[in-house]
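Student: Generate a structure from the sequence data that follows.
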Amino acid sequence: MINLDLQAEYEADNLPNFDQFNLWATTALTGLKDDADLSIVIVGPEESQSLNLEFRGKDKPTNVLSFPFEAPPELVHIQEEMGNLIGDLVICAPVVLNEANEQNKPLMHHWAHMVVHGCLHLLGYDHIKDDEADVMENLERQILAKLDINDPYLITD
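Tutor: Numbers count the residues shown, from 1 in each chain. This next block holds a predicted model:
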């Protein structure tokens, strides 16, 4: 079972609802991590930029940041007590909206992609190296296809 905690620290009229986020996270994790607890936090550009600078050294807002849960070595004994916690996603609503518009994609499809992308990062997938990117992007395509969402990497005019 996927347990989702959703926190909206940024409000806008066009945000997905809890059921949509839950569907996207559940679809992303099913078969990869069937029992998981995660949080999704919706933020504005200032918070996204601050976190992106602090944790990635990039001084600009970004679409999604993933913070996998790892107990510090001195507290590794609490890992079991934390249950199935896999981590947190921080998604910047205005960046997602701007990207969807720029890429001519339906807004909710882009939101779904950001949730799927972030969930895969929480499980350890990455896209820094080309071979890792191929694996991660193929998984994203497969998961999004289950949601009847087209390939997010398909370039259209």
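Student: Which helix or strand in the protein has the lowest average pLDDT?
Tutor: The weakest-scoring helix or strand in the chain, judged by mean pLDDT, DSSP states H and E, is helix 130-146 (a mean of 93).
Student: mind listing the helices for this protein?
Tutor: Using DSSP state H, the helices of the chain run over 18-29, 45-56, 93-102, 107-122, 130-146.
Student: Just want the angle from the shortest one to helix 107-122.
Tutor: Between the direction of helix 93-102 and that of helix 107-122, the angle (axes from the mean of the first three to the mean of the last three CA atoms, to 10 degrees) works out to 120 degrees.
Student: hmm, who's touching helix 93-102?
Tutor: 10, 12, 14-15, 42-45, 48, 61-64, 105-107, 109-111, 114 (CB atoms under 8 Å, 6 or more residues apart in numbering). To be clear about C-beta, it is placed using only N, CA and C from the backbone, and glycine gets the same treatment.
Student: how close does the closest residue to residue 53 other than its chain neighbours sit to residue 68?
Tutor: Excluding the flanking residues, the one nearest residue 53 by CB to CB, 6 or more residues apart in numbering is residue 59, at 4.8 Å. Going from residue 59 to residue 68 by CB to CB, to the nearest Å gives 23 Å.
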